[in-house]
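Participant: Dropping a prediction and its sequence here:
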Amino acid sequence: MSSPPAAVRRKRPANRRELIVDAAASLFADSGFENIAMSDVAAAVGVGPSALYRHFTGKDDLLRAAIEQTLDRFASTLDGPDVLDAVADFAVGRRSAPLLWVREARHLPRPQRLDLAARLEQLCEAFAVATTGDAPGLDARLRARTALAALLSPAFHSTTLPVDEFRTTLVGIAAAVLGVEVEVPAPPQIPPPTGLARGSKREQILRAALRIFADQTYASTGMEEIGEAVGLSTSSVYNHFTSKLEILDVALHRANGYLQVTLDDTLLAASDEAAALRALVAVYADFTLRHPALVDILVTEVRSLGAQAEPLVQAQRDYVSEWVRLCRAARPTLTREQALVTVQATLMAMNDIARDSAFSDVRQLSVPLATIAVAALGLPE
């Protein structure tokens, strides 16, 4: 069979590499790096797998390219005069992009992760300078990081609004955060006490596993690594937990249980909805700062439970719904969707600060963080 005339032959798109990266970014964000094969990306672009290897050495290389591309696009929002509007446009238009930085980057080899984390840190600092002034102090940096996390929060929930309303709501939250006055106390000169560890091996295993999951993902962690962290053989770990999945399940349900119990306690002690919401903010800010690894896996690893995740996901929805109910009572002009976006932005901002290594050495941060979160919710004075 003769070849088709040159005039009708399909030409390779000039932007094929960009199309591949865009497809990969979407698939990694939707399904997780560990669940996507190169053939899946090739199918999404409509090419054979071999076409991908003309541009990328493998899946790691493709993930890095996807993250770098989203960071390039985020960086372009920081150059103009209306940074909040530009970042809100990015957050709504490329909604899943932050998932690649927050969740999927941990699948890369450590040197690459560190390089990307350093670039993201530079961009966060550029946002702080653009929104608070040159060389912002610690309090201004905290406000800027919280505002940025609120702007990018749509990546972590599915609630939506009409595009213009969505952007306006996000910008309003960020502006409220940037406008609040807080003072971050300087760390004391005396180091904190190291405290005592739990005597139970089961609890030591659980604590070590949380740290490892947060650092390198649940999928890439083996039971032998968890055992080594507490000085146990792999077989001894199985004396306490039947599987890695059970460890994750216990940790996530424990965190959920704490939040549900403190929610009940807060509601029972409150005089009205606004007071209840302020008290919940204080409880949640303290929880996130004390348990950053637990917060990390709550944000990134719930889906790893598979079919067992549904009760936990429903409990999280119910918890957020209580915040939304209180928020609407305190701000009756908000629609349910506006209140939901506002609450999700506030919760994700507190989560992000707890997970940010730039604030890991700052003690007594819960009060200024709670003050900022109250501003994000737009609660009346």
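Facilitator: Now that the structure is in, tell me what you want to look at. Model, not experiment: these values are computed from the prediction.
Participant: from here on, contacts and neighbour counts on C-alpha atoms
Facilitator: Noted.
Participant: Show me the helices in the stretch 51-200 of the chain, by range?
Facilitator: Using DSSP state H, counting those that start in this stretch, the helices of the stretch 51-200 of the chain run over 59-76, 83-93, 97-99, 110-132, 138-152, 163-179.
Participant: could those helices be laid out in a markdown table, adding mean pLDDT and distance to residue 366?
Facilitator: A markdown table is the format used below for the helices of the stretch 51-200 of the chain (pLDDT from 0 to 100; distance: least, CA to CA, whole Å):
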| stretch | mean pLDDT | distance to residue 366 |
| --- | --- | --- |
| helix 59-76 | 96 | 29 |
| helix 83-93 | 97 | 25 |
| helix 97-99 | 95 | 25 |
| helix 110-132 | 94 | 20 |
| helix 138-152 | 95 | 12 |
| helix 163-179 | 97 | 15 |
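Participant: need those in a markdown table with mean neighbour count and distance to residue 255, can you?
Facilitator: Putting those into a markdown table (neighbours: other CA atoms under 10 Å; distance: least, CA to CA, whole Å) gives the following:
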| stretch | mean neighbour count | distance to residue 255 |
| --- | --- | --- |
| helix 59-76 | 19 | 30 |
| helix 83-93 | 21 | 28 |
| helix 97-99 | 24 | 22 |
| helix 110-132 | 17 | 27 |
| helix 138-152 | 25 | 22 |
| helix 163-179 | 20 | 27 |
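Participant: Identify the residues contacting residue 379.
Facilitator: Contacts for residue 379 (CA atoms under 8 Å, 6 or more residues apart in numbering) come out as 274, 327, 330-331.
Participant: Quick check: of these, which has the highest neighbour count?
Facilitator: Counting neighbours by other CA atoms under 10 Å, residue 327 leads the contacts of residue 379 with 26 neighbours.
Participant: coming back round to it: go through the contacts of residue 379 and say which is closest to residue 222.
Facilitator: residue 327 (42.0 Å; CA to CA).
Participant: Contact partners for the closest one?
Facilitator: Residue 327 neighbours (CA under 8 Å, 6+ apart): 273-274, 277, 339, 343, 377, 379.
Participant: could you point out which element follows the longest helix seen in the chain?
Facilitator: In the chain, with assignment by DSSP state H, the single longest helix is helix 244-269. Of the helices and strands lying after helix 244-269 in sequence (DSSP states H and E), the nearest is helix 273-290.
Participant: I'd like the C-alpha coordinates of the next helix or strand after that following helix written as CSV, please.
Facilitator: Under the assignment DSSP H and E, the closest C-terminal helix or strand after helix 273-290 is helix 292-300. Provided in CSV are the C-alpha atoms of helix 292-300 (Å, rounded to 0.1, in the frame of the first residue of the first chain):
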residue,chain,number,x,y,z
PRO,A,292,1.5,18.9,60.9
ALA,A,293,2.2,15.4,59.7
LEU,A,294,-1.4,14.3,60.6
VAL,A,295,-2.7,17.3,58.7
ASP,A,296,-0.6,16.5,55.8
ILE,A,297,-2.0,13.0,55.4
LEU,A,298,-5.6,14.3,55.9
VAL,A,299,-5.0,16.6,52.9
THR,A,300,-3.1,14.2,50.7
